[in-house]
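> sharing a model prediction with you, sequence too.
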Amino acid sequence: MVELLHRVKVFIYRLERPQPDYLLLKPDQGIEGLWGPVQGDLGFGEKFEQAIRRQVLDETGLVEPGNLVDLEMPNRMSFGDEEIVEWTFGYHSYGRPDEALLQAHWADHQWADFARAYAELGFEDDRAAIMRLHAFLSAA
């Protein structure tokens, strides 16, 4: 029997300059740690917005509600008897992340403009998602 799991990926951005900056996070996995967004499981019966806000709060300490952008690009992957569906969103950060929490949860973190963020991301799906988010934000 195949187990179906749902996850959210959340690209946090801020608009303090004419162009957005994106928060990139690097897990503590040594040389194999790749830059990426906030991500986590969708709890049983949990709505996307609840899961996104919970993950963002737990992993960055951001408490001010931000606008959510559904990137409408689910990604389905199979690993043995598990299927994972990732739902990707943008999250407008109005506040500042909790530096102590970021340091406790992540090996490193950085705010990066689009060009740098795109180049730093470790997975092609993440690069496609940030490109879509950036195009959406540039058109707004």
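Perfect, I can see it now.
> just the pLDDT for residue 93.
pLDDT, residue 93: 93.
> and it, how many neighbours?
Around residue 93 there are 22 other residues, counting by other Cβ atoms under 10 Å. All C-beta atoms are positioned from the backbone trio N, CA, C, and that covers glycine.
> look up the closest residue to residue 37, ignoring the ones flanking it.
residue 11 (4.6 Å; Cβ to Cβ, 6 or more residues apart in numbering).
> does that neighbour touch residue 93 like I think?
No. Under the criterion of Cβ atoms under 8 Å, residue 11 is not in contact with residue 93, lying 10.3 Å apart.
> what is in contact with those two at once?
The overlap between the contact sets of residue 11 and residue 93 (Cβ atoms under 8 Å, 6 or more residues apart in numbering) consists of residue 23.
> before we move on, the earlier item: tell me how many other residues surround the residue nearest to residue 37.
26.
> which stretches of this protein form helices?
Taking DSSP state H as the criterion, the chain contains helices spanning 48-60, 99-105, 114-120, 124-139.
> please identify the most buried of those.
Between those, helix 48-60 has the highest mean count of neighbours, a mean of 18, where neighbours are mean count of other Cβ atoms under 10 Å.
> circling back to that earlier point, residue 35: which of the helices of the chain is closest?
helix 114-120 (4.4 Å; Cβ to Cβ).
> centre of the chain to the closest one, how far?
Relative to its parent chain, helix 114-120 has a centroid offset of 14 Å by Cα atoms, centre = their mean, to the nearest Å.
> can I get that helix in CSV, CA atoms only?
Extracted in CSV, the C-alpha atoms of helix 114-120 (Å, rounded to 0.1, in the frame of the first residue of the first chain):
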residue,chain,number,x,y,z
PHE,A,114,16.6,36.9,-7.2
ALA,A,115,19.8,36.3,-9.2
ARG,A,116,21.7,35.1,-6.2
ALA,A,117,18.8,33.1,-4.7
TYR,A,118,18.2,31.3,-8.0
ALA,A,119,21.9,30.4,-8.3
GLU,A,120,22.1,29.2,-4.7
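> could you shift the numbering so residue one becomes 47, and keep it that way?
All set: I'll call the first residue 47, so the last point we hit is now helix 160-166.
> which residues are contacting it?
With Cβ under 8 Å, 6+ apart as the test, helix 160-166 has contacts from 65-68, 70, 81, 156, 158, 173, 176-177, 180.
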